[in-house]
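Novice: task: produce atomic coordinates for the following.
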Amino acid sequence: MTNSTVLDVRQIPPDERHPGIIIKAFESLRSGEVLTIINDHDPQRLRELFDSQRQGQFSWETLEQGPPTWRVRLTKA
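Specialist: Coordinates of the predicted model:
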């Protein structure tokens, strides 16, 4: 069974989400583990960040495309 973490960032100030909490949560995963992120806006900037800085290190799956809620699943390669 794959280890999965759910991270709801809707109550976290936006400037603390990407550089801090989300990146640290992803970095703590082992290969094959999953991070599901729940957000209150389209996580396009987050996707661009992962594409540019972690290319080949993850897979991205959109689970829910709001509004009002967006959910994405990141699996660490």
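Novice: contacts and neighbour counts: CA atoms only from here.
Specialist: Will do.
Novice: report the contact partners of residue 25.
Specialist: By CA atoms under 8 Å, 6 or more residues apart in numbering, the contact set of residue 25 is residue 35.
Novice: please export the C-alpha coordinates of the helix or strand harbouring it as PDB.
Specialist: Per DSSP states H and E: residue 25 is located in helix 23-27. Extracted in PDB, the C-alpha atoms of helix 23-27 (Å, rounded to 0.1, in the frame of the first residue of the first chain):
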ATOM      1  CA  ILE A  23       7.900  21.900  -0.800                       C
ATOM      2  CA  LYS A  24       8.900  20.500   2.700                       C
ATOM      3  CA  ALA A  25       6.100  18.100   2.600                       C
ATOM      4  CA  PHE A  26       7.000  16.800  -0.800                       C
ATOM      5  CA  GLU A  27      10.700  16.600   0.100                       C
END
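Novice: and it, how far from the chain's centre?
Specialist: The chain centre lies 9 Å from the centre of helix 23-27; the measure is CA atoms, centre = their mean, to the nearest Å.
Novice: likewise for stretch 20-33?
Specialist: Computed by CA atoms, centre = their mean, the chain-centroid distance of stretch 20-33 equals 9 Å.
Novice: what's the end-to-end length of that stretch?
Specialist: 19 Å (CA to CA, to the nearest Å).
Novice: which positions in it come out as buried?
Specialist: For stretch 20-33, the neighbour count (16 or more other CA atoms under 10 Å) marks 22, 26, 29, 33 as buried.
Novice: tell me the predicted confidence for residue 20.
Specialist: As predicted, residue 20 sits at a pLDDT of 82.
Novice: I'd guess it is in a helix, am I close?
Specialist: Yes - under DSSP: H, G, I helix; E, B strand; the rest coil, residue 20 falls within a helix.
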